[in-house]
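>>> coordinates only, sequence not included:
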């Protein structure tokens, strides 16, 4: 991982990013590139994929597998969230269960 990071830092094209973000400049530059692709109207599938990656990286969405995964026993915050969602679903008349709430 260290070598990947070193190579990525050396490939940063915008030198100002190195001055402003230091070790994280390559991450910022990738974010900028993804945003450019995501907002290009004729980029097609690449735009959709770039937008999806940015949404996930920013915590705006989660993968279905992550969302539906049972709450680990050592994650009390997630466990409480699952219970709260289960309660709200049942109150609304939805009888489905949330994985991890059994």
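Received it, and whenever you're ready, just let me know what you need. Predicted model only: the values in this text are computed from it and were never measured.
>>> give me the element residue 8 is part of.
Residue 8 belongs to helix 2-10 when elements are defined using DSSP states H and E.
>>> and that helix, which residues are buried?
Buried residues in helix 2-10, counting neighbours by 16 or more other CB atoms under 10 Å, are found at residue 9. Glycine gets a C-beta too; all of them are placed from N, C-alpha and C.
>>> The next helix or strand after that helix: how far from the chain's middle?
Later in the chain than helix 2-10, the nearest helix or strand by DSSP H and E is helix 15-21. Relative to the chain's own centre, helix 15-21 is displaced by 24 Å; criterion: CA atoms, centre = their mean, to the nearest Å.
>>> so residue 62, which of the three states?
coil (DSSP: H, G, I helix; E, B strand; the rest coil).
>>> Output the contacting helices and strands for the helix holding residue 8.
The helices and strands touching helix 2-10, judged by 3 or more CB pairs under 8 Å, 6 or more residues apart in numbering; DSSP states H and E, are helix 25-38.
>>> which of the residues in the helix it packs on are buried?
Using 16+ other CB under 10 Å as the test for burial, helix 25-38 gives 25-29, 34, 37-38.
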